[in-house]
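Student: After the sequence you'll find the predicted model.
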Protein chains: 2
Amino acid sequence: MSKKLEFWFEYGSTYSYLSAMRIETVAENYGVRVIWRPFLLGVLFKKDLGYTDSPFNRHAKKGQYMWRDMERLVENRDLPELAVPSPFPQNSLLPARISCALLDDERLPAFVRAVYRAEFQHGEQISDPFVMFDILSQNGFDAPSVMEKAGKKKSKEQLKELTSWADKKGLFGAPAFTTVDGELFWGDDRMEAAMKWVIDHA
Amino acid sequence: MSKKLEFWFEYGSTYSYLSAMRIETVAENYGVRVIWRPFLLGVLFKKDLGYTDSPFNRHAKKGQYMWRDMERLVENRDLPELAVPSPFPQNSLLPARISCALLDDERLPAFVRAVYRAEFQHGEQISDPFVMFDILSQNGFDAPSVMEKAGKKKSKEQLKELTSWADKKGLFGAPAFTTVDGELFWGDDRMEAAMKWVIDHA
C-alpha cells in the first residue's frame, strides 16, 4: 500500500504521547498505514540550537501553557488525568533503543503506548531498566531477550540513524509526520492534515 | 453578551494573519463576540528570552517549516498565494499604534485585515506611513486624522498597556485567545477550542 505516513515520536514529549494514543484509530479512518519512528529530539535541540534542556523548561511561560493545554486535551480526549513526570523531560534513550529492537515487531505500537501510559498517566521513570522490563513482560514480550537486543550495537546504531534521518527531513519538534513525497507536518494537531495529504497525493 | 473572546494578534506574525482572516466567520458560527487586541510580540520575546529576532529566523528548520506550512494553509483556505515580506518579520509598531487609535472603532477588524493583506498577499512594507495612509483611505477612514491620533501619547500608552496585559496573561506567541475566566489558547489551530471553551463556560 502506497498510502503510508511516518510518525516520528520522542518519548519525553507530551504531545507525542497524545498522538501515540490516537494515531492508529485516525489512520484506520483514513486508510493510511503508519510507520512508527522513534528518535531523540534532544539530540536535534543540542545540534541545532545548543539547547541541553526542553524549550518548555527554558521558556517558563511556554511551559506553563503547555501543561495547561495538556490538562485540557487529556480531559477532552477522555484520557486519564495527566501525571507530570519528574524530572521533565524524562531521559528517553532506553525506551527509544528498545523501540529500535522492536522495529520489525508488529507489537511496537503497543509497547510505545505502554511506555507513554507509564510516563504520563503514572509518572513512572522511563529511564529505569526495571520499569522497561516490567512493561515488556506485562505486554507479552520476552523481556530479557528484548532488553539484551536493545543494548546491542545494532539497536544503538539504528536509533542514531533514525535521529539523523529525522534531522535530514527537517524535524525540529515532536510529534512529526512525514510523507513519501517529502512533506513534513509538525504537532499532534497536524495529524489529520498529514493523513489528508497522504490520501490526496497517493 | 458574556460570550466573548479576546483575540491577540501581532502584525508581523504569519499565523495571526490566518486567524484575522477567519475569526469573524468562526465567531459568528459559535455565537461569540471577539475583542480585537493588538500587541507587540517582539517586546515579550525580548523581555522573556532576550531575543531580538523572530524564532523563525533564529531556528532555520522551524522557519523553513513555517513557510511551507503557510503555503499549504493558504491553499487549503483559498487565500491568495503567500507573499513573503522582506524583511521578515516586518516592524509592526506603526500599524499596532494605528490599531490602538481605532480600538473604539467598529471598523478595526477591516483595517487589521487590510494590513495583513498588504503584508502577506502583496509583500508591502507595513512600517511605511504612506502604505498605512493608503490603507486607511482605501477603507473609508479619515486617514490624516487617524494617523495623527496614532502618533499621540494615548495610542502609544494603550499599546504598551495591551502588551503588558498580554504578558500578564501569559502570552508567549501569536495569535492567542484569552477568555474571561483566565484560559489561554495559543495558535490559529486552537481558535475553535477557544470558542468552544467560551460556549461551554458561559
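Tutor: Right, received. Where do you want to start?
Student: For the lowest-mean-pLDDT helix or strand in chain A, which residues meet the burial criterion?
Tutor: Ranked by mean pLDDT, DSSP states H and E, the weakest helix or strand in chain A is helix A:55-58, scoring a mean of 94. Residues of helix A:55-58 classed as buried: A:F56 (neighbour count, 16 or more other CB atoms under 10 Å in any protein chain shown). Heads up, the C-betas are built off the backbone N, CA and C, glycines and all.
Student: Equivalent analysis for stretch A:29-49, please.
Tutor: In stretch A:29-49, counting by 16+ other CB under 10 Å, buried: A:30, A:32, A:34, A:36-45, A:49.
Student: May I see the residues you listed organised as TSV, with pLDDT, secondary structure and distance to chain B added?
Tutor: Formatted as TSV, those follow (pLDDT from 0 to 100; DSSP: H, G, I helix; E, B strand; the rest coil; distance: CB to the nearest CB, whole Å):
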residue	pLDDT	secondary structure	distance to chain B
A:Y30	97	helix	16
A:V32	98	coil	17
A:V34	98	strand	20
A:W36	98	strand	21
A:R37	98	strand	17
A:P38	98	strand	19
A:F39	98	coil	14
A:L40	98	coil	16
A:L41	98	helix	12
A:G42	97	helix	15
A:V43	97	helix	13
A:L44	97	helix	8
A:F45	96	helix	10
A:L49	93	helix	6
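Student: Dump these into CSV; add distance to B:E183 as well.
Tutor: Formatted as CSV, the buried residues of stretch A:29-49 follow (distance: CB to CB, whole Å):
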residue, distance to B:E183
A:Y30, 31
A:V32, 33
A:V34, 32
A:W36, 33
A:R37, 34
A:P38, 33
A:F39, 33
A:L40, 33
A:L41, 28
A:G42, 30
A:V43, 34
A:L44, 31
A:F45, 29
A:L49, 30
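Student: quick one on the thing from earlier: contacting residues around the helix or strand following the least confident helix or strand of chain A?
Tutor: On the C-terminal side of helix A:55-58, the closest following helix or strand by DSSP states H and E is helix A:60-76. Applying CB atoms under 8 Å, 6 or more residues apart in numbering or on different chains, the contact partners of helix A:60-76 are A:14-15, A:18, A:54-57, A:79-82, A:84, B:48, B:170-173, B:183-186, B:193, B:197.
Student: do the same with stretch A:133-150
Tutor: A:94, A:97-98, A:100-102, A:107, A:110-111, A:114-115, A:118, A:129, A:132, A:155.
Student: For ChimeraX, what selects the buried ones among the contacts of helix A:60-76?
Tutor: Only the buried members of the contacts of helix A:60-76 end up in this ChimeraX selection, burial being decided by 16+ other CB under 10 Å:
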select /A:14,15,18,54,56,79,82 /B:170,171,172,173,183,184,185,186,193,197
